[in-house]
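Novice: The amino acid sequence is not available; the structure is as follows:
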């Protein structure tokens, strides 16, 4: 078995996070970290060790079945110890297909990855973030790595090698591709996040929270109902079990009840402050500071106090 840990994601930002995860595992297992690219070299993809370019599939075709087959063919030839895949929507499908093709175990939504040189161990949230499970899989292994947990890798790759796996036929034909509308916020790197919940009565009222976030040099986030149900904010603002995971220095939850599905995405924040009219709201149990009050009175008062300190 080649002592290498491979990292892959179709998303450039996530790929650089998974590269950091691969480096951690590789160091623990005395292995080499290798970042995978399919069909074409993307300059924005970083690698602490080396890049492996898998040639054969068309560069425009990133369907999960194509990517999984291409990586499987390369893995059968080079036999890496582990393959880490970003836990994106496509990444989960790629990993499951890959595990079936290679007949190996797969850890899902992994974080805190480690290795003893013979196996891969990780932590993952279970029961909607209420508990943490420690899971283990012998090498060779596959894992989908929780997005937002590892920092972005910024290293320059030492070398790029190539392997040609030949043409990969697809059962599904890609007819067209439309870019997804995305927000301009990068919550994963924000030091301060002001997050809105169902306590906000109207979409227009989000402007008040956005102003507070700007006053605090932070960014605006939200709970699932405001993005997925009401569509008031893009999905990139959604923090929680089914959204993104954040770890800011300060997290301000405004009008958020604090169900497990939400707190699973922000529980690692250094300081959590909450504003809610319900003194029994679960969010206060996850907070360092809490204000029981109407956000429409509390938020303007905080903003006024911050402006006075300029």
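Specialist: Nice, I can see it. Owing to the predicted nature of the structure, the values given are computational and were not obtained by experimental measurement. Residues are numbered from 1 along each chain as shown.
Novice: Tell me which other helices or strands the longest helix seen in the chain touches.
Specialist: Longest helix in the chain by number of residues (criterion: DSSP state H): helix 12-28. Judged by 3 or more CB pairs under 8 Å, 6 or more residues apart in numbering; DSSP states H and E, the packing partners of helix 12-28 are strand 2-8, strand 32-38, strand 80-86, strand 105-115, strand 141-145. Yep, even glycine has a C-beta here, placed from its N, CA and C like the rest.
Novice: May I see those strands arranged in CSV, with distance to residue 202, mean neighbour count and mean pLDDT as well?
Specialist: Converted to CSV, these look like this (distance: least, CB to CB, whole Å; neighbours: other CB atoms under 10 Å; pLDDT from 0 to 100):
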stretch, distance to residue 202, mean neighbour count, mean pLDDT
strand 2-8, 43, 24, 86
strand 32-38, 45, 25, 89
strand 80-86, 36, 28, 94
strand 105-115, 35, 20, 91
strand 141-145, 38, 28, 94
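Novice: got the ones you listed as TSV, with distance to residue 302 columns?
Specialist: Formatted as TSV, those follow (distance: least, CB to CB, whole Å):
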stretch	distance to residue 302
strand 2-8	42
strand 32-38	43
strand 80-86	37
strand 105-115	33
strand 141-145	36
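Novice: Can you tell me which of the ones you listed is nearest to residue 285?
Specialist: Within the helices and strands packed on helix 12-28, the stretch nearest residue 285 is strand 105-115; the backing value is 22.2 Å (CB to CB).
Novice: Run the chain-centre distance for that closest one.
Specialist: A distance of 14 Å separates the C-alpha centroid of strand 105-115 from that of its chain, computed with CA atoms, centre = their mean, to the nearest Å.
Novice: What segments of the stretch 151-300 of the chain are strands?
Specialist: Along the stretch 151-300 of the chain, counting by DSSP state E, counting those that start in this stretch, strands occupy 159-164, 192-196, 219-222, 250-254, 271-276, 289-292.
Novice: Contacts only, for residue 254.
Specialist: Counting by CB atoms under 8 Å, 6 or more residues apart in numbering, residue 254 touches 194-197, 199-200, 209, 274-275, 295, 299.
Novice: Domain-wise, how is this protein divided?
Specialist: For the chain, automatic domain parsing gives the domain ranges 2-164, 187-308.
Novice: Give me the mean pLDDT for the last one.
Specialist: Pointing back at domain 187-308 there. Domain 187-308 carries an average pLDDT of 92.
Novice: Can you give the distance of that domain from its chain's centre?
Specialist: That offset, for domain 187-308, works out to 19 Å (CA atoms, centre = their mean).
Novice: Equivalent analysis for the first one, please.
Specialist: Centroid separation for domain 2-164 versus its chain: 13 Å, with CA atoms, centre = their mean.
Novice: Endpoints of stretch 145-161, how far apart?
Specialist: 24 Å (CA to CA, to the nearest Å).
Novice: And for the closest residue in space to residue 114 that isn't next to it in sequence, the neighbour number?
Specialist: Ranked by CB to CB, 6 or more residues apart in numbering and with sequence neighbours excluded, the top spatial neighbour of residue 114 is residue 121, at 5.0 Å. By the criterion of other CB atoms under 10 Å, residue 121 has 19 neighbours.
Novice: Okay, and the beta partners of residue 121?
Specialist: residue 114, residue 136 (DSSP bridges).
Novice: For residue 81, see how far away it is.
Specialist: 13 Å (CB to CB, to the nearest Å).
Novice: Please enumerate the helices of the stretch 201-310 of the chain.
Specialist: 206-215, 224, 260-263, 295-308 (DSSP state H, counting those that start in this stretch).
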